[in-house]
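1. Build me a model from this:
(one chain, ligands or ions: 2)
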Amino acid sequence: MIVLKSQDELGRMRKAGRMVAEILELLRRKIQPGVTTLELDRLAEEQCNKWKARPAFKGYGGFPFTICASPNEQVVHGFPNSQPLVDGDIISIDFGLIIDGFHGDSAVTIPVGDVDETTRRLLDVTKESLELGIAAAQPGGRLSDISHAVQTRVELDHFSVVREFVGHGIGRQLHEDPQIPNYGSPARGPKLKPGMTLAIEPMVNIGAPAVKVLEDGWTAVTIDGRRSAHFEHTIAITEDGPEILTRLDH
Ligand code: MG
Ligand code: MG
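-> Ligands and ions are numbered 1, 2, ... in the order given. Predicted structure coming up:
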């Protein structure tokens, strides 16, 4: 069942989304060669504590950290660790929190120092596929319009969309209905309505789409070892179209 949010609830989701955006921006500004993802994890948790927000991922299904930190060939759900980031790396940071009973969830892939041309294009295309997916989230449209917009943009550049992980509804729960695949034909699935709140999150590989989960039970990596990027926003569908809740200038 897809839960529609009232105006009051949307107001609380705006607050959650804004906090997520500000914390991700705080982390983004720290990222440079030599920084560890464990440092970023602590920073995110400290900021949550200051704002009396609760990290949404820590303890979720047993996940042990505040952020997911997935470098290079890691797709999603990587564990923060004490290994310093190196010039030329990319690092995907996924972060969510809960405040006043509602969640925000967002992810970004950030280059560390100078990255190669293909990697740069991977980041641009993945980000653009998210923007196009969001633009397709129009009241009166259908859920798979989002999926189709993402896949079309990704494959235009001959990158591949990860199938095993999907976007999701969000609200009082981190993961609500519906699931939002990043691939598929348009004009299928539930009708999009004002009051729906969705986390749209393309995961895009340079090489083959196949992924596997490592022995820690969480870290998803590409099977071919090539790089992967992940961008995510929490949005609300309004009468006027999509509103991005986890954008900084919101
Ligand atoms: Mg996320
Ligand atoms: Mg998500």
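
2. what secondary structure does Ile91 sit in?
-> strand (DSSP: H, G, I helix; E, B strand; the rest coil).

3. which phi and psi does the residue lying closest to it once chain neighbours are set aside have?
-> Excluding the flanking residues, the one nearest Ile91 by Cβ to Cβ, 6 or more residues apart in numbering is Pro71, at 4.9 Å. Every residue, glycine included, has its C-beta placed from N, CA and C. The phi/psi pair for Pro71 (degrees, to the nearest 10) reads phi -80, psi 150.

4. tell me the pLDDT at Pro71?
-> On the pLDDT scale, Pro71 is placed at 98.

5. Next one, pLDDT for Arg120 please.
-> Confidence score, pLDDT, at Arg120: 98.

6. how about the nearest residue to Glu164 once chain neighbours are set aside, what does it touch?
-> Distances taken as Cβ to Cβ, 6+ apart place Val211 nearest to Glu164, at 5.6 Å, with adjacent residues excluded. Val211 makes contact with Val75, Val162, Glu164, Phe165, Asn205, Ala220, Val221, Thr222, Ile223, Ser228 under the criterion Cβ atoms under 8 Å, 6 or more residues apart in numbering.

7. Pick out the most distant pair among those.
-> Phe165 and Ile223 (14.2 Å; Cβ to Cβ).

8. higher neighbour count, these two?
-> Phe165 (18 against 13; other Cβ atoms under 10 Å).

9. I figured that one hits Val75, correct?
-> Yes - using Cβ atoms under 8 Å, Phe165 is in contact with Val75, at 7.2 Å.

10. and for these two, which residues touch both?
-> With contacts taken as Cβ under 8 Å, 6+ apart, Phe165 and Val75 have Met203, Val211, Ala220 as neighbours in common.

11. ok, which residues in the chain are in contact with ligand 1?
-> Those residues of the chain that sit near ligand 1, judged by Cβ under 5 Å from the ion, are Asp94, Asp105, Ala107, Glu232.

12. List the buried residues in stretch 175-187.
-> For stretch 175-187, a neighbour-count test (16 or more other Cβ atoms under 10 Å) marks His175, Glu176, Pro178, Ile180, Pro181, Asn182, Tyr183, Gly184, Pro186 as buried.

13. Next: stretch 33-51.
-> Neighbour-count burial for stretch 33-51 [16+ other Cβ under 10 Å]: Val35, Thr37, Leu38, Glu39, Leu40, Asp41, Leu43, Ala44, Glu45, Gln47, Cys48.

14. Mind checking the pLDDT average for that stretch?
-> On average, stretch 33-51 scores 98.

15. try stretch 2-9
-> 98.

16. ok now it, how far from the chain's centre?
-> Remark: stretch 2-9 is offset 21 Å from the chain centroid, using Cα atoms, centre = their mean, to the nearest Å.

17. List the contacts of it.
-> So stretch 2-9 is contacted by 13, 102, 169, 171-172, 176-178, 190, 193-197, 236 (Cβ under 8 Å, 6+ apart).

18. Tell me which two of the residues you listed sit farthest apart.
-> Phe102 and Pro190 (21.1 Å).

19. Those two: which is more packed in?
-> Phe102 (24 against 13).

20. was I right about the more buried one contacting Arg12?
-> Yes - between Phe102 and Arg12 there is a contact at 4.5 Å, judged by Cβ under 8 Å.
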